[in-house]
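Participant: Pasting the sequence and the predicted coordinates here, then a few questions.
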Amino acid sequence: MTRASLDKQPHEVASMFDDVAERYDLTNDVLSLGQDRIWRRAVAKAVDARPAQRVLDLAAGTATSSLPFTKAGAYVVPCDFSLGMLQVGKRRHPWLPLTAGDATRLPFKDDTFDAVTISFGLRNVQGTERAMREMLRVTRPGGRVVICEFSHPTWAPFRTLYTEYLMRALPPVARRVSSNPDAYVYLAESIRDWPDQAELASMLGDAGWSRVAWRNLSGGIATLHRGFKDS
């Protein structure tokens, strides 16, 4: 089984997600205590997909995250660089145009999408700033980006408790429900190593996004960031 390192070599990360693809959605539901469903509803509301709009769902995995956008009537392109994830997604949702792609070198033309979103995937990209600039490139003027990612709880006592859960409780639980529990050790370490809310917002601004704002979810366990591409 593959476990990626924190330097996030693309082949290691892709192989790791290939290993967990079959039970990925179930594992996330268990490990987040069902919070992932609440977070995805918040993403759908923030993206605010409309009929005939084009939405790029990056790090879409098995494309579960793409379904709310299709229900809203948008044309959705689920994109991921794990072929294992895409294969599972295509088997479950054969009508969706699942596409293999690297977030730092997207296979799309400039100004293609009304909205670009990525949930719990930006943290796994080697080259966060490059990915943010690529998302800007493929978004049409006036379009938006929505990023949902694990973050840092805002209340210090809870932050300490949460860190203990990540490093001590999460791996044993993952051993029971995941096909590759070592992948969730990487998950815990990558969350702890990730920039906080304000730093990520600053990175978005530096990449060219305007009107950047964020909203904490579940006390800051996850955070929604949104920005716009100037017309």
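Facilitator: That came through, no problem.

Participant: By mean pLDDT, which helix or strand of the chain comes out lowest?
Facilitator: helix 24-31 (a mean of 60; mean pLDDT, DSSP states H and E).

Participant: in the helix or strand just after that helix, what's buried?
Facilitator: Under the assignment DSSP states H and E, the closest C-terminal helix or strand after helix 24-31 is helix 35-47. Of the residues in helix 35-47, 36, 39-40, 42-44, 46-47 count as buried by neighbour count, 16 or more other Cβ atoms under 10 Å. To be clear about C-beta, it is placed using only N, CA and C from the backbone, and glycine gets the same treatment.

Participant: correct me, but residue 40 touches residue 119?
Facilitator: Yes. Between residue 40 and residue 119 there is a contact at 6.8 Å, judged by Cβ atoms under 8 Å.

Participant: Mind listing the shared neighbours of these two?
Facilitator: 65, 148 (Cβ atoms under 8 Å, 6 or more residues apart in numbering).

Participant: quick one on the thing from earlier: among the buried residues of helix 35-47, which two are most distant?
Facilitator: Comparing every pair within the buried residues of helix 35-47 by Cβ to Cβ identifies 36 and 47 as the most remote, at 16.2 Å.

Participant: so what's residue 227 up against?
Facilitator: 144-145, 204-205, 209-213.

Participant: Extract the residue ranges of the chain that are flagged as low pLDDT.
Facilitator: Scanning the chain with the threshold set as pLDDT under 70 gives 1-14, 16-33, 167, 169-171, 173-182, 184.

Participant: ok, residue 107 to residue 58 distance?
Facilitator: In this view, residue 107 and residue 58 are 12 Å apart by Cβ to Cβ, to the nearest Å.

Participant: Neighbour count: those two, which is higher?
Facilitator: Using other Cβ atoms under 10 Å as the criterion, residue 107 and residue 58 rank with residue 58 on top: 27 against 11.
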